[in-house]
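Asker: Predicted model and sequence below, questions to follow.
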Amino acid sequence: MSSLQLVNPRVRGIRGSPHSGLQSLAARITQEITQGAQKPFKGVIDVSSGDPHKAGVKPISFVRQVLAVCLHPQLLKNKTLPLDVRMRAQRLLEVCDGGSVGSYTASSGMPHVKQSIAEFITRRDAGVPSHAEDIFISAGSQRALMVVVKLLASGEGETRTGVLTPRPCPHTLPPLLDEAGVTLVPYQLMEDRGWAVDLDELHRALKTARGRCEPRAIYISNPGNPTGHVQDGKSIEEVIRFAAAERLLLLVDEVYQDSVYGQEKEFISYKRVLFEMDKEYSETVQLVSFHSISSACMGECGLRAGYMEQVNMDPEVTHFVDTMLCTDISTPVTGQLALDLMVNPPKPGDPSYDTYTQESLLTLATLSQNAQRVQEFLNDLPGMSCQPAMGGIYLYPCLHLPSEIIEKAKKLEVEADVLYCQMLLEEEGVFLGAGCQYDGTTGNHHLRLSILVPPDTLEEVLDHLGSFHLRFVRDKLPRPDGGVKDRDMGENLRPFSTAGTFPMN
Amino acid sequence: MKQLVLARRASQIKVELTQRVRKPYKEVIDVSWGDPHKAGVKPLSFVRQVIAACLYPQLLNSDRLPVDVRQRAQSLLKGCDGGSVGSYTATRGISEIVHRVSEFITRRDGGAPSYPENIFISPGSQWALRNILNVLVNSEASHRTGVLTPMPCYSVSLMSIRGLGAVTVPYNLREEQGWELQVEELHRALESAKGVCDPVALYVINPGNPAGYVQSRKSIQEVIQFVSEKRLFLLADEVYQDCVHGENSEFVSYKRVLAEMGPPLSDTVELASFHSASKGFLGECGLRGGYVELVNLDPAVKKYIYKLFSTDACAPVLGQFALDLMMKPPQPGDPSYPLYSVETQHIRTALVHNVKRVLEVVNNLPGFCCQPVKGAFVFPRLHLPPKAIQKAKEMGMQPDAFYCIRLLEEASVIVSPGCDYGQKEGTHHIRFHIMTPEDTMEEVLRRLSSFHTQFMKDFS
């Protein structure tokens, strides 16, 4: 294959993401600093993606202790580790073949862990039953989503499968849909209502889609990624009725279910709402929900594990899901065990309970505190506004940029918010996500900012962001080096287009 | 999927055993996977100590762990954002580890240079293989893409190829010649693809799976000449390279041979070679760490491969660590070296012993014979009596699958049937792993012998 024409057209068609361009810029700057380059900042602070540990949040002690013992069972004799840690590790090792985390497991996950997950879901949903055979473990929730979407994918042109997708959505979603060979059908979330889902908008999106493709599923994240919106029971029910009436498979990303901090807000799962509706819905609506250990409280992105629960799915389809997961061989065992620990944490009375509770509450408190702080701060900045978030780990403020800047960006062939993020990175060493990757090109500009960071890191971010933003939106301001110049709109920066470049890290 | 039937029955039996249902044997021995730990091989202490310390760095504060373990853990954690194994890493893997892999490859291949930018770390080799295939296979062309695959072949790779919409074009390995890969057979296979599909790649497994052969240098050269001539992409699955044993057998990598053949071949043949921490002495299948090295690829094509890798965030950090420890194990003089040396020697000795015993036992049983084995699996041939074949047909099963189910039910031993891998029409085989503790293999052979003898009697 020495010629580009031979590369699989489907792969060539996967859209690029400006995020990777910004990522490599951040990596380059970090490298320059380690090589001794002088910058107006000490290092890059990355709050663009949902990686709490990277930002300095500490892992949950119980999880790490149990996993360490499972890796190195000699530690079972180590009395400095709490008794419940050692007992749990022992129990988990018993269900690993050969008593080792190094063995392959069943492709859809270890039966013991699937059972724990089913029990967790049943408890969470006030008794609505969940069964281990409907649970499929995968190396991250996106992996599971890919399997389901690939099974849905069919047709070409007008008959090509379409998936309704919120705008904004996680930046990894559009390339995933491209790779699977389905058409993305965007539905706009309502910013002025805290990014709520609007039924009329769903209908509109569906209507425009028909004739261009065959919509077969609707994807939604709750709590919203990146919006932080948390749906109430009524909203969820509306979406379910819509999906039922239009015969769409519901793909529900509930990865941030453990991070609802808004007052008087509560996470309710789609499954629970579904089962509280009439039999004509609860027994027929097809739903797949996703969760993972990359969640707020665990933050274990690097361990790579998640699961999906399938509701009302045809057993034939389930069989194919299993088959497809076989070619992934299996999810890392340590990730699967971490899933077990997530859904089955220490209980009151257990030696590790207090520490565990403290650590989880700290995460929620940090999120809540940070959310409020950031929102207030940003709303005070001219040309910036931020909807209140109720859950999840991001804020998604809106940039109201002067037209001059938008023009300059057009000339450089980048989206204005990407340019903003680029310059913020170069001048202040703060890495935020750019909104266009979530919105397509609706003319709105947004930033994505992870708020699951230690509060002092957040203050630093706000400090840098504030001073940059004020410089950015006003003309002729002093530059950090003391000189006074016209806004040098990044002409000496290497812009990268939204078609995306794939730099080699 | 036929494999699932056996796997499900095996799970059922395991459950029944825990429920104290009476069975001929108290425990099930599973040698059907390429999974040493499942079969009872112990993990390497150094590897587990380092990874445990990385998970729970408080362990670094005491003296209980050897100094070199603590140093290595600290050095690995430095490469992690936030000092945590829970952070995402760069798409191709943690940079220091990627460098370590390229240094290992260069050493292994007698100095033939390996470049970090051609290496992608992945959750196991199969994942990397699928990403490469995804770029090669045109899922939208009217003519289907073909990939030449060995017969017999590791079944998951076949599934991956077909799952992407490509056609597998089998080339037969010569059982009578120790499963030799003969280049005439490659020509025949390619010819047979005419009008059926558009072959773009050749997939080889060396050392072999399911048959435990190791290719000679000459054979590798022939394959390289063939792919160059026919302009095929070469996919070399070399995950069992650390399991080679026996006289006159030495693993030499495709990359090394290619480099030694010099230009123009060494500059033009496109090659992807795969390795993983799941096999060999580490046997860490469950940690999911592997890599692919790309040779002579167009940078524009590499960009697409990078794109595919980046849609999965990154390989599990612990899997990346396992790779690192595999690439750079304890050296003489290090505190952990003596134990590491003893443990790996033990595994090696068991492997050599097991092969010898398997060949002795199997070749002495009627209706059973086995080619010499240099790798991690044995793939003996069953000459089943017609009555057994008939019975299998009645039950809607392949004869060797039927044999395996009976072996499971009556002897609580799990092996996999040849039909899962493809085999010459009318022949039957079973595959089992020989990287097990010595006494486990003795037990397997004991049960297999008595089962086989009875089976042949029952169906005579």
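Answerer: Cool, the structure landed. Keep in mind that what you see is a predicted model, and the values were worked out from it rather than measured.
Asker: elements contacting the host helix or strand of A:Phe120?
Answerer: Using DSSP states H and E, A:Phe120 sits within helix A:111-124. Using 3 or more Cβ pairs under 8 Å, 6 or more residues apart in numbering or on different chains; DSSP states H and E as the contact test, the elements touching helix A:111-124 are strand A:135-138, strand A:306-311, helix A:333-343. C-beta coordinates here come from the backbone N, C-alpha and C atoms, glycine included.
Asker: Out of these, which is closest to chain B?
Answerer: Closest approach to chain B among the helices and strands packed on helix A:111-124 (Cβ to the nearest Cβ): helix A:333-343, 3.5 Å.
Asker: And the closest one, what does it pack against?
Answerer: Secondary elements touching helix A:333-343 (3+ Cβ pairs under 8 Å, 6+ apart): helix A:61-71, helix A:83-94, helix A:111-124.
Asker: and that helix, what's its mean pLDDT?
Answerer: If you average the pLDDT over helix A:333-343, you get 96.
Asker: what's in contact with that helix?
Answerer: A:60, A:62-63, A:66-67, A:70-71, A:88, A:92, A:96, A:101-103, A:105, A:109-110, A:112-113, A:116-117, A:119-120, A:137, A:139, A:293, A:295, A:297-298, A:300, A:303-307, B:55, B:286-287, B:316, B:318 (Cβ atoms under 8 Å, 6 or more residues apart in numbering or on different chains).
Asker: when you compare where that helix runs with where helix A:61-71 runs, what's the angle?
Answerer: Using axes from the mean of the first three to the mean of the last three Cα atoms, to 10 degrees, one finds that helix A:333-343 and helix A:61-71 are set 150 degrees apart in direction.
Asker: What about A:Ile236, how many residues nearby?
Answerer: Residues lying near A:Ile236 (other Cβ atoms under 10 Å in any protein chain shown) number 24.
Asker: give me the number of residues near residue 409?
Answerer: Here I'm looking at chain A. Quick note: A:Ala409 (other Cβ under 10 Å) scores 22 neighbours.
Asker: switch to chain B, that's the one I care about
Answerer: Neighbour number of B:Glu409 under other Cβ under 10 Å is 13.
Asker: Please identify which helix or strand holds it.
Answerer: helix B:399-411.
Asker: go on, A:Lys79?
Answerer: Short version, using DSSP H and E: A:Lys79 is in no helix or strand.
Asker: Output the helix holding A:Phe120 in CSV, but only the C-alpha positions, please.
Answerer: What follows is helix A:111-124, C-alpha atoms only, in CSV (Å, rounded to 0.1, in the frame of the first residue of the first chain):
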residue,chain,number,x,y,z
PRO,A,111,-19.4,-13.3,35.3
HIS,A,112,-18.7,-12.2,38.9
VAL,A,113,-18.3,-8.5,37.8
LYS,A,114,-21.3,-8.6,35.5
GLN,A,115,-23.4,-9.9,38.5
SER,A,116,-22.1,-7.1,40.7
ILE,A,117,-23.0,-4.6,38.0
ALA,A,118,-26.5,-6.1,37.7
GLU,A,119,-27.0,-5.9,41.4
PHE,A,120,-25.8,-2.3,41.5
ILE,A,121,-28.2,-1.3,38.7
THR,A,122,-31.1,-2.9,40.5
ARG,A,123,-30.3,-1.1,43.7
ARG,A,124,-29.8,2.2,41.9
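Asker: That helix versus helix A:333-343: what angle between them?
Answerer: 20 degrees.
Asker: Tell me the buried residues in helix A:111-124?
Answerer: Burial within helix A:111-124, assessed by neighbour count using 16 or more other Cβ atoms under 10 Å in any protein chain shown, is assigned to A:111-118, A:120-121, A:124.
Asker: Just send those back as JSON lines, with pLDDT and distance to A:Arg272 too.
Answerer: Formatted as JSON lines, those follow (pLDDT from 0 to 100; distance: Cβ to Cβ, whole Å):
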{"residue": "A:Pro111", "pLDDT": "94", "distance to A:Arg272": "25"}
{"residue": "A:His112", "pLDDT": "96", "distance to A:Arg272": "25"}
{"residue": "A:Val113", "pLDDT": "97", "distance to A:Arg272": "22"}
{"residue": "A:Lys114", "pLDDT": "97", "distance to A:Arg272": "20"}
{"residue": "A:Gln115", "pLDDT": "97", "distance to A:Arg272": "20"}
{"residue": "A:Ser116", "pLDDT": "97", "distance to A:Arg272": "19"}
{"residue": "A:Ile117", "pLDDT": "97", "distance to A:Arg272": "15"}
{"residue": "A:Ala118", "pLDDT": "98", "distance to A:Arg272": "14"}
{"residue": "A:Phe120", "pLDDT": "97", "distance to A:Arg272": "13"}
{"residue": "A:Ile121", "pLDDT": "97", "distance to A:Arg272": "9"}
{"residue": "A:Arg124", "pLDDT": "96", "distance to A:Arg272": "8"}
